[in-house]
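S.K.: I'd like to go over a predicted model; first the sequence, then the structure.
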2 protein chains.
Amino acid sequence: MADIYPIDGGVTAPAGFRAAGLHCGIKASGKPDLSLVVSDAPAQAAGVFTLNLAKAAPLLVCEKHLAATGGRARAIITNSGCANACTGPQGLADAHEMATLTAAAVGCDVSQVLVLSTGVIGVNLKMDKLRTGIPQAAAALSESGGAAAARGIMTTDPFPKEYAVEVRTDVGSFRVGGMAKGSGMIEPRMATMLGYLTTDATVDPVMLSRALSDACRFTFNAITVDGEPSTNDCVLALANGASGVEITENLYADLFEAFRTVAHELALGVVRGGEGATKLIAIKTTGAATDADAWMAARAIANSPLVKTAVHGGDPNWGRLIAAAGRSGAAFVLDGARVQIGSLILFENGRPFDELAPQAADYLTGKEIAIEVNLGTGGSHTATVWTCDLSAEYVKINAEYRT
Amino acid sequence: MADIYPIDGGVTAPAGFRAAGLHCGIKASGKPDLSLVVSDAPAQAAGVFTLNLAKAAPLLVCEKHLAATGGRARAIITNSGCANACTGPQGLADAHEMATLTAAAVGCDVSQVLVLSTGVIGVNLKMDKLRTGIPQAAAALSESGGAAAARGIMTTDPFPKEYAVEVRTDVGSFRVGGMAKGSGMIEPRMATMLGYLTTDATVDPVMLSRALSDACRFTFNAITVDGEPSTNDCVLALANGASGVEITENLYADLFEAFRTVAHELALGVVRGGEGATKLIAIKTTGAATDADAWMAARAIANSPLVKTAVHGGDPNWGRLIAAAGRSGAAFVLDGARVQIGSLILFENGRPFDELAPQAADYLTGKEIAIEVNLGTGGSHTATVWTCDLSAEYVKINAEYRT
């Protein structure tokens, strides 16, 4: 295995990528609402898209363009503040026009443009703002534009998410960078909200798809804020070859590990910045009879409002963890089950250890919480899902989102 | 069909039932924590129990006793303030002792006693309090004790839930009464929290089980507060024959309808009194390809924190309804879908009608909200699930439950 080092930056950390982010007028707040990422040379491209059957118009355009080019792209144009979802034929026409405007501005074929939108569902795009904004974004493209691009995709996110690594192999070094957005309507059934990975390695589109899917499984697909897979969830990857390193089967493990590393940091950033979140919680299930059971139980616990409120309140309420595991649909044997909060075992062999509750409550005052639930079946399967606590602030944000 | 009239009272409204409720010392607050319901003659008995695999000790005792007697019971003893769940062999011994104490106090065989507990998981019962409390409850039994019994089973419930009807048939009249508790850890996968139905009709135990299951399907099993089926969910039915009316196949529909009517009112009471709830929301799905799809989509919408916070905030955010239906796992066709809030159609034929949003927001200021989502498949299946809004108060209650 090659060595993987964290480096500064995000999507423009790899060579041959430029990006920009700016406010074009979609958001009334005046905050950035447009983001453009461009590969100087045509890049190999891959995407994973929401399983929500109410799929947004821009994702339909992405899928069409990736099919038409066989997995090649030059640019990703993203607006925030409007999801362009549930917008009918007009929405599809608008998503196509975003691609056309971007193609004209960066000088490529329209099929080489991928289009993403995020924000309120059911509202049409302000195309007049995009008609002036997209050329402005193209004019602002720079090799240090990754940070601005990461801001241009934010909605309720409290902070931008970007990360990058350098991979040093025997045949040379390449880089992987990425950015993500997402704070609500987050759940791990598929790619979560919007994620972007760039690399200056050369990767065959089929292998790029495989690396992206494999990396998402343990990162973007293993997080949840509120159990709500959105209409717009998508993670895209671009590989432009500017480093001169070509990913062969020999180097696949390195590419996967670099993708996983960047995607892991971005995905955890999404959870840390989850709507109303004050704590990052890792839910690990062990002792599961099957891999599917391990994931099913971990997701049920991670999405349990009673577990999330208990952690929020600093209450080591292991009974809620047992109850969520017991109702998850996974095989579960109460007498064999074990609950561990941090390093403290609070329930084992059918009995509580409530004398440890004060220590556990103290542990829960931290910002990063590790919880392990053994399902007691004697199986050896495990899974880890990351979630956040549920606070009154989550309710406030979502009760007042459009008002 | 016979006529069904609402009457005053709850579990003691039918003839031949007595009940009591009091504080015996389990709750530190001094609020009622013990409830006893007794049929003067041995009653036919049936129960439906949680599907949560972490099933509480008292439910194991109920199932054992119902099997031993072939569906006969004299008494139901319930404590609140402690769920006696995840309490190991000691918990099972305690549940058995509750039955033994009750049998001695009311003068029946121990197998004729059904035992229920509700409250905090993982804490052992204060048996010394029950040893003095159960004889006191037996001494306090009265034909007007239903209201006290309904208070004795409450935990975080903001108000007691009881209801009763009289059924006037050609062969005489009989009554059905009931009470329920439940406010959090509520979801419609099975019987929800604790429900009790009594009738003075004579009903064969097999038919009683059938009537109870059929009635629960559209009532206790069609509600949710937070998507959390508990370790202690249970609904019990007792039929003592004191009215002289025997339920034959001819009268089954009347018994079912009376059970459904009482269970409906009690179940809606659970939702109205859901933790932090300010609104009762009926989610109806139509246009579903299968019955299972109709329920799956209705439950996904009813449990969606984004839908529940939007209603809480008075935001007619139909996009969240579409997104929840689209991710539910049910067949869904966006172009055929329709969203109706009250009488207002906000989305149809792929297009929003946002000009109606102010009217819809006005409608959402009410206490009882009806929402209909057509899944657009052209199918004819429908389902209705009742839920409540998600408020900051829910978070507060559950973050501070044990502190």
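M.R.: Looks like it arrived, so ask away.
S.K.: Could you use CA atoms for every contact and neighbour count after this?
M.R.: Will do.
S.K.: Make sure A:Gly9 is actually in contact with A:Val176.
M.R.: No: using C-alpha atoms under 8 Å as the test, A:Gly9 is too far from A:Val176 to be in contact (10.0 Å).
S.K.: more neighbours, these two?
M.R.: Using other C-alpha atoms under 10 Å in any protein chain shown as the criterion, A:Gly9 and A:Val176 rank with A:Val176 on top: 32 against 19.
S.K.: beta partners for that one?
M.R.: A:Val165, A:Thr199 (DSSP bridges).
S.K.: dump the residue contacts of it.
M.R.: Counting by C-alpha atoms under 8 Å, 6 or more residues apart in numbering or on different chains, A:Val176 touches A:11, A:13-14, A:164-167, A:197-200, A:258-259, A:262.
S.K.: now swap in A:Gly241 and tell me
M.R.: A:43, A:199-203.
S.K.: Would you map the strands across the stretch 1-150 of chain A?
M.R.: Secondary structure of the stretch 1-150 of chain A, counting by DSSP state E, counting those that start in this stretch: strands at A:3-7, A:17-22, A:34-49, A:72-82, A:113-120.
S.K.: What is the burial count for the residue nearest to A:Glu143 when sequence neighbours are not counted?
M.R.: Leaving aside its chain neighbours, A:Glu143 sits nearest to A:Arg18 (4.4 Å; criterion: C-alpha to C-alpha, 6 or more residues apart in numbering or on different chains). A:Arg18 has 24 neighbouring residues, counting by other C-alpha under 10 Å.
S.K.: Give me the pLDDT for A:Arg18.
M.R.: Looking at A:Arg18, its pLDDT reads 96.
S.K.: On the three-state scheme, A:Gly274 is what?
M.R.: Using DSSP: H, G, I helix; E, B strand; the rest coil, the structure places A:Gly274 in coil.
S.K.: A:Thr156 now?
M.R.: Per three-state DSSP, A:Thr156 ends up coil.
S.K.: if I look at it, how far off is B:Leu356?
M.R.: From A:Thr156 over to B:Leu356 the distance is 26 Å, taken as C-alpha to C-alpha, to the nearest Å.
S.K.: how far does the helix or strand containing A:Leu306 sit from the chain's center?
M.R.: Assigned by DSSP states H and E, A:Leu306 falls within helix A:305-312. With C-alpha atoms, centre = their mean, to the nearest Å as the basis, helix A:305-312 stands 22 Å off its chain's centre.
S.K.: does any bit of the lowest-mean-pLDDT helix or strand in chain A sit next to chain B?
M.R.: Here the helix or strand of chain A ranked lowest by mean pLDDT, DSSP states H and E is helix A:392-399, holding a mean of 82. Yes: applying C-alpha under 8 Å from any C-alpha of the partner chain, one finds that helix A:392-399 is in contact with chain B at A:392-393, A:395-396, A:398-399.
S.K.: hmm, back to that, export the contacts of A:Gly241 to a markdown table and append columns for pLDDT and neighbour count.
M.R.: Listed next are these as a markdown table, based on pLDDT from 0 to 100; neighbours: other C-alpha atoms under 10 Å in any protein chain shown:
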| residue | pLDDT | neighbour count |
| --- | --- | --- |
| A:Ala43 | 93 | 30 |
| A:Thr199 | 94 | 34 |
| A:Asp200 | 93 | 27 |
| A:Ala201 | 93 | 27 |
| A:Thr202 | 93 | 21 |
| A:Val203 | 93 | 24 |
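S.K.: Closest to B:Asp335 out of the residues you listed?
M.R.: For the contacts of A:Gly241, the minimum distance to B:Asp335 (C-alpha to C-alpha) is 34.2 Å, reached by A:Ala43.
S.K.: thinking again about what came up before, got the residues of helix A:392-399 next to chain B as CSV, with neighbour count columns?
M.R.: Output for the residues of helix A:392-399 next to chain B, formatted as CSV (neighbours: other C-alpha atoms under 10 Å in any protein chain shown):
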residue, neighbour count
A:Ala392, 19
A:Glu393, 16
A:Val395, 26
A:Lys396, 19
A:Asn398, 25
A:Ala399, 26
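S.K.: Out of those residues, flag the one nearest to B:Ser343.
M.R.: Taking the residues of helix A:392-399 next to chain B together and measuring to B:Ser343 by C-alpha to C-alpha, the closest member is A:Ala399, at 21.9 Å.
S.K.: Quickly note the distance from that closest one to A:Thr224.
M.R.: A:Ala399 is 19 Å from A:Thr224, by C-alpha to C-alpha.
S.K.: do the same with A:Val307
M.R.: Taking C-alpha to C-alpha, one finds A:Val307 at 13 Å from A:Thr224.
S.K.: where does the stretch 1-150 of chain A come near chain B, residue by residue?
M.R.: Checking the stretch 1-150 of chain A against chain B by C-alpha under 8 Å from any C-alpha, the hits are A:51-54, A:86-89, A:120-123.
S.K.: thinking again about what came up before, what comes into contact with the least confident helix or strand of chain A?
M.R.: A:275-277, B:306, B:309-315, B:390-393, B:395-396.
S.K.: The same query, at a cut-off of 6 Å, please.
M.R.: Helix A:392-399 has contacts (C-alpha atoms under 6 Å, 6 or more residues apart in numbering or on different chains) with A:275-276, B:309-310, B:312-313, B:392, B:395.
S.K.: And for stretch A:376-387?
M.R.: Identification of contacts with stretch A:376-387 by C-alpha under 6 Å, 6+ apart yields A:222-225, A:271, A:281-291, A:294-295, A:302, A:333, A:336-337.
S.K.: sorry, back to before: so A:Thr156 and B:Leu356 - more neighbours on which side?
M.R.: A:Thr156 (18 against 13).
S.K.: For the stretch 151-300 of chain A, which segments count as helices?
M.R.: For the stretch 151-300 of chain A, the helices defined by DSSP state H, counting those that start in this stretch occupy A:205-217, A:249-272, A:291-303.
S.K.: So which of the ones you listed is the most surrounded?
M.R.: Comparing the helices of the stretch 151-300 of chain A by mean neighbour count (mean count of other C-alpha atoms under 10 Å in any protein chain shown), helix A:291-303 comes out on top with a mean of 25.
S.K.: Tell me what angle that helix forms with helix A:305-312.
M.R.: 60 degrees (axes from the mean of the first three to the mean of the last three C-alpha atoms, to 10 degrees).
S.K.: quick revisit: can I get the strands of the stretch 1-150 of chain A in JSON lines with distance to B:Arg217?
M.R.: Formatted as JSON lines, those follow (distance: least, C-alpha to C-alpha, whole Å):
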{"stretch": "strand A:3-7", "distance to B:Arg217": "55"}
{"stretch": "strand A:17-22", "distance to B:Arg217": "53"}
{"stretch": "strand A:34-49", "distance to B:Arg217": "36"}
{"stretch": "strand A:72-82", "distance to B:Arg217": "40"}
{"stretch": "strand A:113-120", "distance to B:Arg217": "36"}
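S.K.: picking that back up, now for the helices of the stretch 151-300 of chain A, which one comes closest to chain B?
M.R.: helix A:291-303 (9.6 Å; C-alpha to the nearest C-alpha).
S.K.: Which elements pack onto the closest one?
M.R.: strand A:280-288, strand A:381-388 (3 or more C-alpha pairs under 6 Å, 6 or more residues apart in numbering or on different chains; DSSP states H and E).
S.K.: go with 10 Å
M.R.: On a contact count with 3 or more C-alpha pairs under 10 Å, 6 or more residues apart in numbering or on different chains; DSSP states H and E, helix A:291-303 meets strand A:280-288, helix A:305-312, helix A:318-326, strand A:368-374, strand A:381-388.
S.K.: could I get these as JSON lines with mean pLDDT and mean neighbour count?
M.R.: Output for these, formatted as JSON lines (pLDDT from 0 to 100; neighbours: other C-alpha under 10 Å):
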{"stretch": "strand A:280-288", "mean pLDDT": "95", "mean neighbour count": "24"}
{"stretch": "helix A:305-312", "mean pLDDT": "90", "mean neighbour count": "27"}
{"stretch": "helix A:318-326", "mean pLDDT": "90", "mean neighbour count": "28"}
{"stretch": "strand A:368-374", "mean pLDDT": "96", "mean neighbour count": "21"}
{"stretch": "strand A:381-388", "mean pLDDT": "92", "mean neighbour count": "26"}
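S.K.: Brilliant, that's me finished.
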